[in-house]
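>>> got a sequence here, can you model it:
(one chain, ligands or ions: 1)
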Amino acid sequence: MYCINCGVKLEDTEKKCPLCGTVPFHPEIVREEGERLYPENKYPRREVSPKLAHIIISTMYLIGLIIPLLCDLQINSRVTWSGYVVGALILSYVVMILPYWFKRPNPVIFVPCGFAAAGLYLWYINYAVNGDWFLSFAFPVVGAAGVVVTAVVTLVKYVRRGKLYIFGGASLLLGVLMPVLELLVNITFARPRFVFWSLYPLTALVLLGAMLIFLAICRPARESMERKFFI
Ligand SMILES: [Zn+2]
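Numbering: from 1, shown residues only. Below is the predicted model of the structure:
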């Protein structure tokens, strides 16, 4: 008997091709358990246990937190520069490592968590440098970006259709937020209160959003675009 997929010779008792895994089937051959023609794989691929990897990475993060903190306390007797290091490490941990503690990390939960961590880090910097830009600038910007990205991620995950509407809408919304962002910058840093540079991203994002929504509405245009993009 030969494998119908790769042609390797099989013993009649073989339940599965040892080379490609194809299950052989012949109605007249009754297959029973028996000796295999091929030896067992002596060197099976071994994978690193994800749990152990997480524990090692987390320990390294912890060491990375503690050492600068101790040095800083030893030298300055209070938290100065190490605060930024610790904040940055916590932020990168929340964004990159924390989701993978879970088997199937849900972006609808972890995306807002990442934005919240970024907001907290900025709040800490603002506090550490005695700034007054957090409430009038960093918080609204990070908050708005967080809400838009979370909304897109949620819609893409739970709504099966209408991706063009989702991305088009998000693009329009981001475009409209641009002048608001510039105004916030101007107010926070005491600049003249009119908008200038934000009109460029506004135009680009609104055009992109309008195009995506047009494609979502107009089926012939969408099909013609698909033919052009996918050969
Ligand atoms: Zn085979």
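>>> now Lys9: phi and psi?
According to degrees, to the nearest 10, the main-chain angles of Lys9 amount to phi -80, psi 130.
>>> so it bridges to which residues?
Beta-bridge pairing for Lys9 (DSSP bridges): Tyr2.
>>> number of nearby residues for it?
Counted with other C-beta atoms under 10 Å, residues neighbouring Lys9 total 11. Bear in mind the C-beta positions are built from the backbone N, C-alpha and C, glycine included.
>>> again, but for Phe189
Here the number of neighbours of Phe189 (other C-beta under 10 Å) works out to 10.
>>> quick one, phi psi at it?
Backbone torsions of Phe189, given as degrees, to the nearest 10, read phi -100, psi 20.
>>> give me the distance between the nearest residue to it once chain neighbours are set aside and Phe139.
Once flanking residues are discounted, Phe189 sits nearest to Trp133: 7.5 Å by C-beta to C-beta, 6 or more residues apart in numbering. Taking C-beta to C-beta, to the nearest Å as the measure, Trp133 falls 9 Å from Phe139.
>>> who's in contact with the residue nearest to Phe189?
The contact partners of Trp133, by C-beta atoms under 8 Å, 6 or more residues apart in numbering, come to Asn126, Thr188, Phe189.
>>> quick check, nearest of those residues to Trp197?
Closest approach to Trp197 among the contacts of Trp133 (C-beta to C-beta): Phe189, at 13.8 Å.
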